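In: just need the structure, nothing else, for what follows:
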Amino acid sequence: MTTKIDEQFIQAVLNIVDIIPNGRVATYGQIARIIGHPHNARLVGKVLGKFGGRGHHPCHRVVTATGRLVPGWFDQRPMLLAENIPFKDENHVDIKHCHWQGI
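Out: Modelled structure (predicted):
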């Protein structure tokens, strides 16, 4: 069964991703809370995976609450390093030092 994602939800997610500043990261849960859907962090990830690509939105700035990168997205780490995002290890940003506080 495929879940149809509401167009307003998609646009709200992408609007928030678009304002994450260079050199900062946000989390899926944080974006879900900002748009008024605090229990839909996974759906935020689904939206970014399906509609956020192709360089139109800075989706590389979105990570898990622990700072984990998207598994299998090999361009995400170099993109974050180019913005001087600090890392704890190969797969986790140092979220304490680069977390965007949001709006």
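In: which ones are touching residue 25?
Out: 61-63, 67, 80, 85, 93, 95, 98-100 (CB atoms under 8 Å, 6 or more residues apart in numbering). Using the backbone N, CA and C atoms, a C-beta is placed for each residue, glycine as well.
In: nearest the middle, which residue of the protein would you pick?
Out: With distances taken as CA atoms, centre = their mean, residue 62 lies nearest the centre of the chain, 1.9 Å away.
In: and the residue lying closest to it once chain neighbours are set aside, how far is that from residue 91?
Out: Leaving aside its chain neighbours, residue 62 sits nearest to residue 26 (5.6 Å; criterion: CB to CB, 6 or more residues apart in numbering). Residue 26 sits 18 Å away from residue 91 when distances are taken as CB to CB, to the nearest Å.
In: neighbour-wise, which of the two wins?
Out: The residue with more neighbours, out of residue 26 and residue 91, is residue 26; 24 against 15, by other CB atoms under 10 Å.
In: show me where this protein has strands.
Out: All strands of the chain, identified by DSSP state E, fall at 26-27, 62-63, 87-89, 92-93.
In: how far off centre is the last one?
Out: Spelled out, that is strand 92-93. Centre-to-centre, strand 92-93 and its host chain are 13 Å apart (CA atoms, centre = their mean, to the nearest Å).
In: what does the third one give?
Out: The chain centre lies 17 Å from the centre of strand 87-89; the measure is CA atoms, centre = their mean.
In: describe which strands it pairs with in its sheet and in which direction.
Out: strand 92-93 (antiparallel) (DSSP bridges).
In: list the buried ones in stretch 43-52?
Out: Going by neighbour count (16 or more other CB atoms under 10 Å), the buried part of stretch 43-52 is 43-48, 51-52.
In: how many neighbours does residue 39 have?
Out: For residue 39, the tally of surrounding residues (other CB under 10 Å) stands at 9.
In: thinking again about what came up before, so which of the strands of the chain is the most surrounded?
Out: Neighbour counts (mean count of other CB atoms under 10 Å) averaged over each of these peak at strand 62-63, with a mean of 24.
In: done for today, thanks.
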